[in-house]
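1. just need the structure, nothing else, for what follows:
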Amino acid sequence: IKPQDPHRTRQEVRKDQGLPPHEVLLSNFNQLYKIDPSTLQLWVDILVSARSQGAKDLRVWLLRFPPLAVQRIQKEAMKR
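-> Residues are numbered from 1 along each chain as shown. I've put the predicted structure just below:
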């Protein structure tokens with residue numbers, strides 16, 4: 001995350017977005033229809049592996065568009 005204001009710190013920007021200061025983010029800002037099954041599986045595998053090794057602060061951060069796709073991708077991720 002790059003601060004828009006060069007005088008703002010990364011921690012301030014993360015706080016504004018409701019993110020913990022040290023959380024690792026896997027981010028994708030493409031429309032959700034562009035996320036194919038292999039990419040989704042890769043993210044799930046990374047999260048599961050990292051958490052099984054003790055990592056706690058991980059999150060996938062996606063563009064929430066189109067709205068219909070949000071629930072579908074969450075549902076599909078939970079199946080895996």
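
2. got the contact list for residue 23?
-> Counting by Cβ atoms under 8 Å, 6 or more residues apart in numbering, residue 23 touches 14, 57, 58, 59. In short, each C-beta sits where N, CA and C put it, glycine included.

3. mind checking how far it is from residue 63?
-> Distance, residue 23 to residue 63, using Cβ to Cβ, to the nearest Å: 18 Å.

4. with residue 10 instead?
-> 21 Å.

5. now do residue 72
-> 14 Å.

6. same thing with residue 17?
-> 13 Å.

7. out of these two, which sits in the busier spot?
-> Ranked by neighbour count (other Cβ atoms under 10 Å), residue 17 and residue 63 place residue 63 first, with 15 against 10.

8. isn't that one right up against residue 34?
-> No: assessed by Cβ atoms under 8 Å, residue 63 is found out of contact with residue 34, at 9.6 Å.

9. identify the residues contacting stretch 25-39?
-> For stretch 25-39, the surrounding residues in contact (Cβ under 8 Å, 6+ apart) are 19, 43, 46-47, 58-66, 69-70, 72-73, 76.

10. tell me the average confidence for it?
-> For stretch 25-39, mean pLDDT is 88.

11. C-alpha coordinates for it, PDB please?
-> This file holds the C-alpha atoms of stretch 25-39, laid out as PDB (Å, rounded to 0.1, in the frame of the first residue of the first chain):
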ATOM      1  CA  LEU A  25      -1.900  -9.500   2.400                       C
ATOM      2  CA  LEU A  26      -2.400 -11.500  -0.700                       C
ATOM      3  CA  SER A  27      -4.000  -8.900  -2.900                       C
ATOM      4  CA  ASN A  28      -5.700  -8.900  -6.300                       C
ATOM      5  CA  PHE A  29      -7.500  -5.900  -7.700                       C
ATOM      6  CA  ASN A  30      -8.800  -7.400 -10.900                       C
ATOM      7  CA  GLN A  31     -12.500  -8.000 -11.300                       C
ATOM      8  CA  LEU A  32     -13.400 -11.300  -9.600                       C
ATOM      9  CA  TYR A  33     -14.400 -13.100 -12.800                       C
ATOM     10  CA  LYS A  34     -10.700 -13.000 -13.800                       C
ATOM     11  CA  ILE A  35      -9.700 -15.300 -10.800                       C
ATOM     12  CA  ASP A  36      -9.500 -18.800 -12.300                       C
ATOM     13  CA  PRO A  37      -9.700 -22.000 -10.200                       C
ATOM     14  CA  SER A  38      -6.000 -22.600 -10.200                       C
ATOM     15  CA  THR A  39      -5.300 -19.100  -8.800                       C
END
